[in-house]
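> Could you look at this predicted model? Sequence included:
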Amino acid sequence: MSENKMLEDIVREVLKSMAGAPQTAAPTVSSGTGLCPERDYPLASKRPELLKTPTGKTLADITLDKIMNGEVKSEDVRITPETLKMQAEIADGVGRYQFANNLRRAAELVAIPDARVLEIYNAMRPYRSTKPELFAIADELEVKYNAKINAAFVREAAEVYERRNRLRAD
């Protein structure tokens, strides 16, 4: 069986398990900023004062001239967890709950070094990890990075992989 076929089968199983879940479920987390999609979206044009870079720069601080003269660096233009959570709140406001939850997962991943995210991604591919290894990754995400949503996702994936025989043999 090809790897693409296996991934398709796994996605189908996850979707089947979600079939009974309401698609209009309440958001799992709120940033609590009281954003309103009609009033505040898009944030960059309607609420730019809310947006800051990880280094504290505002959107107004990021100009082509400042980029060209070196005042703005790559770390100045990375997204923050707060921005992703605000975008999730907007998505919730228009009923896009799954997208909002994806943004919340992304907000947790911002704190994790890129190299580690790639290692985790590779470890989660079929037949790459044992169930205890995936549970160890979930524990790391939860304890070291406070990434509770992603930790739950990895634990769920470990259970699905076990049912589908997609774990690496010990």
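Nice, thanks for sending it over. Bear in mind that the values here come from a model prediction, so they are computed numbers and not experimental data. Numbers count the residues shown, from 1 in each chain.
> residues contacting N69?
Counting by CB atoms under 8 Å, 6 or more residues apart in numbering, N69 touches no other residue. Heads up, the C-betas are built off the backbone N, CA and C, glycines and all.
> pLDDT weak spots in this protein?
Filtered on pLDDT under 70, the chain yields the residue ranges 1-33.
> For it, which segments count as strands?
Counting by DSSP state E, the chain forms no strands at all.
> Against D76, how distant is the residue lying farthest from the centre of the chain?
Relative to the C-alpha centroid of the chain, counting by CA atoms, centre = their mean, N69 is the outermost residue, at 32.9 Å. Distance of N69 to D76, computed by CB to CB, to the nearest Å: 13 Å.
> ok, now A151?
To D76, A151 is 30 Å away according to CB to CB.
> and those two? which has more neighbours close in?
Using other CB atoms under 10 Å as the criterion, A151 and D76 rank with A151 on top: 20 against 16.
> Distance check, the more buried one against F99.
Counting by CB to CB, the gap from A151 to F99 is 20 Å.
> V77 now?
Distance from V77 to F99, by CB to CB: 23 Å.
> can you list the domain ranges for this structure.
29-110, 112-170 (automatic domain parsing).
> R105 contacts F153, correct?
Yes. Contact criterion CB atoms under 8 Å: R105 and F153 qualify, at 6.7 Å.
> Compute the number of surrounding residues for E89.
A count of nearby residues for E89, using other CB under 10 Å, gives 25.
> same deal with R125?
Other residues lying near R125 total 14 when counted by other CB under 10 Å.
> what's the answer for A60, then?
Counted with other CB under 10 Å, the neighbours of A60 add up to 9.
> check contacts around it.
P48.
> Please tell me how far A123 sits from L141.
With the distance defined as CB to CB, A123 ends up 11 Å from L141.
> Likewise for E89?
According to CB to CB, E89 and L141 sit 23 Å apart.
> Please apply the same query to A60.
Distance from A60 to L141, by CB to CB: 35 Å.
> Also G56?
From G56 to L141 the distance is 27 Å (CB to CB).
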